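>>> next input, structure requested:
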Amino acid sequence: MRNVGWNFWVLAFALHASAQVPKECSAPPEYPYTRLGEKYSNTPKFSSGEKVYYNCAEDMTPSTGSRAVQCVGGKWTKLTLKCEKRSCGNAGELLNGEFQYEGSSFIGEKVYAVCNDGYIVKGLNYMICKKSGWTGDFPSCEERETTCSTPAVANSVSSAGGVSVHRVGDGMTFTCRQGFQLDGAPRVTCGPGGLWQPQPPRCLPSQDKIASPDVETGGCGAPVKFHNSKAILADKYITRTSFASGERVHYVCEVGYIPAGGSRFCNCINGKWTPLRLKCERKPCGSAGEISNGQFAYTGVQFGDTATAVCDVGYILVGQATRNCMSQGWDGRVPACEAVVCEEPPRGTNAEISNYQEPPYTYRSVIRYHCRVGTLIGQRHISCTENGTWSDPAPTCKEITCPSPNVPYGYWTRAQVKQYQDGDTISIECYPGYAKIGPSTVSCGGDGRWVPGLPKCTPRRSHYRS
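Okay, the predicted model is just below:
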């Protein structure tokens, strides 16, 4: 009779334990604009109470809600995470100008620099929104400087001191060489619009010079050469050494320069050439082109400037990195930025690849390993790095076992075997009349020992004396 009662007690305990087994959850559901953390992708079942975490998809960013869902009663709680397109936000303040946005500052969109009147953009006039934020050199608005070129006053000595370009407000004083007399104001000032005020004077032959018989024609010699002005005499006049009074010649800008105001003509009047007003500035080349997964870094976008290609992290340059702004535009071609490629994932161990994929293995490609038998030692996930190497070596599989959890005066409900696998969990109880000291549940650990340690069963103290 005592044996029957004992068996009934054990059966009741087993049924109670089975009734308390919590319901598991299957793989978590998918939600738009989100992705589940990689470490959950190979787990088919989840215990009750376990949490998993979602991230926003690429080019998206979290706005509100929680990233976590929890397994409760065999079902997942609802994900409250909300993701929206990633934005670079405000590009900042542009001194002496303003930014005009292409859209809402989302990835791939541009913001353009527009300068106030009297100012010009230095460098490229836009930036691009990328994952790392606004990329490209921050533009600036520089004052459009008004200058005057040194006037050519034949037979004079000026106070220019070799300076060929003068700013607004600069002054010059003229004196005539021996044999000539000043006709006009001796001092002039560079005024708005690049014009001298008043007009530069002339040095006319003095009375004794006029009386001499060698300047009766009123013609002119070879036109003046203007050093450092980037303006040169047109080819058809270069070989001529004399011009009749009233004739005119014209100048052109050097290679790589374009006219930026002023007249290109000089006239022969009474034996003197009128001053040249032509201004030349560097020819612009504009954008050097768009590079997928990269961008150009500019020293400027005018003749003589350079644009150097810089690839994003995880990409390598294919082609010539630097382009030069020439008279006909940018030389060379737009290079490409190709993804870094890693070799075949490391093998040679008894761990198997669970997500085999066809090469190439580009930057950020992830390889996952699993064990058919045993416990995985090492990194379960390895990734292709920006240097073209794998982040870690391949893991190995090692069979980890724990011995039978023999506890004097205690028992466990699971089938009794000689060895248990890593991760196996059992519940230990004491026989009637014995009290348990220690944990009720233990698990076989990765080092072959029961965690957190086996309990002890000690005799209970009786409240009654015999």
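>>> drop to CA atoms for contacts and neighbour counts, all remaining ones
OK.
>>> tell me the contacts of Pro284?
Neighbouring residues of Pro284 by CA atoms under 8 Å, 6 or more residues apart in numbering: 301-303, 325, 329.
>>> where are the low-confidence patches of this protein?
1-22, 160-162, 192-193, 206-217, 348, 414-418, 462-466 (pLDDT under 70).
>>> now do 50
Within the chain, the stretches with pLDDT under 50 are 1-4, 10, 12-19, 208-216, 463-466.
>>> could you chop it up by domain?
Domain assignment of the chain by automatic domain parsing yields the ranges 23-85, 401-459.
>>> quick one, phi psi at Pro200?
Here is the backbone geometry of Pro200 (degrees, to the nearest 10): phi -60, psi 150.
>>> with Gly136 instead?
Main-chain dihedrals, Gly136, degrees, to the nearest 10: phi 110, psi 160.
>>> and Arg364, by the same measure?
Torsion angles at Arg364 (phi, psi; degrees, to the nearest 10) stand at phi 80, psi 0.
>>> so what's it closest to, chain neighbours aside?
Nearest residue to Arg364, sequence neighbours excluded (CA to CA, 6 or more residues apart in numbering): Cys384, at 5.0 Å.
>>> that neighbour bridge partners, please.
Trp390 (DSSP bridges).
>>> you'd agree it is up against Cys342?
Yes: the pair Cys384 / Cys342 is scored as a contact, 6.0 Å apart, by CA atoms under 8 Å.
>>> residues shared between the contacts of these two?
Listed as contacting both Cys384 and Cys342 by CA under 8 Å, 6+ apart are 361-363, 390.
>>> as a markdown table, the residues you listed with distance to Pro201 would be great.
Formatted as a markdown table, these follow (distance: CA to CA, whole Å):
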| residue | distance to Pro201 |
| --- | --- |
| Tyr361 | 76 |
| Thr362 | 73 |
| Tyr363 | 71 |
| Trp390 | 78 |
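>>> tabulate those residues (a markdown table), appending secondary structure, neighbour count and distance to Leu182.
Shown next, in a markdown table, are those (DSSP: H, G, I helix; E, B strand; the rest coil; neighbours: other CA atoms under 10 Å; distance: CA to CA, whole Å):
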| residue | secondary structure | neighbour count | distance to Leu182 |
| --- | --- | --- | --- |
| Tyr361 | strand | 21 | 82 |
| Thr362 | strand | 20 | 78 |
| Tyr363 | coil | 22 | 77 |
| Trp390 | strand | 23 | 83 |
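>>> which single one of these is nearest to Arg347?
Trp390 (11.8 Å; CA to CA).
>>> how about the contacts made by the residue nearest to Arg364?
Contact analysis of Cys384 by CA under 8 Å, 6+ apart lists 341-342, 361-366, 390-391.
>>> tell me what the one helix or strand Glu142 maps to is packed against?
Element membership for Glu142, per DSSP states H and E: strand 140-143. Contact here means 3 or more CA pairs under 8 Å, 6 or more residues apart in numbering; DSSP states H and E; on that basis strand 140-143 packs against strand 119-122.
>>> just put the domains of the chain in CSV and tack on mean neighbour count.
Formatted as CSV, the domains of the chain follow (neighbours: other CA atoms under 10 Å):
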stretch, mean neighbour count
domain 23-85, 16
domain 401-459, 16
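>>> those domains: which one's closest to Ser263?
domain 23-85 (53.8 Å).
>>> span of the closest one from start to end?
End-to-end distance of domain 23-85 (CA to CA, to the nearest Å): 37 Å.
>>> and Phe99, bridged to which residues?
For Phe99, the beta-bridge partners under DSSP bridges are Ala113.
>>> list the contacts for it?
Neighbouring residues of Phe99 by CA under 8 Å, 6+ apart: 91, 93, 111-114.
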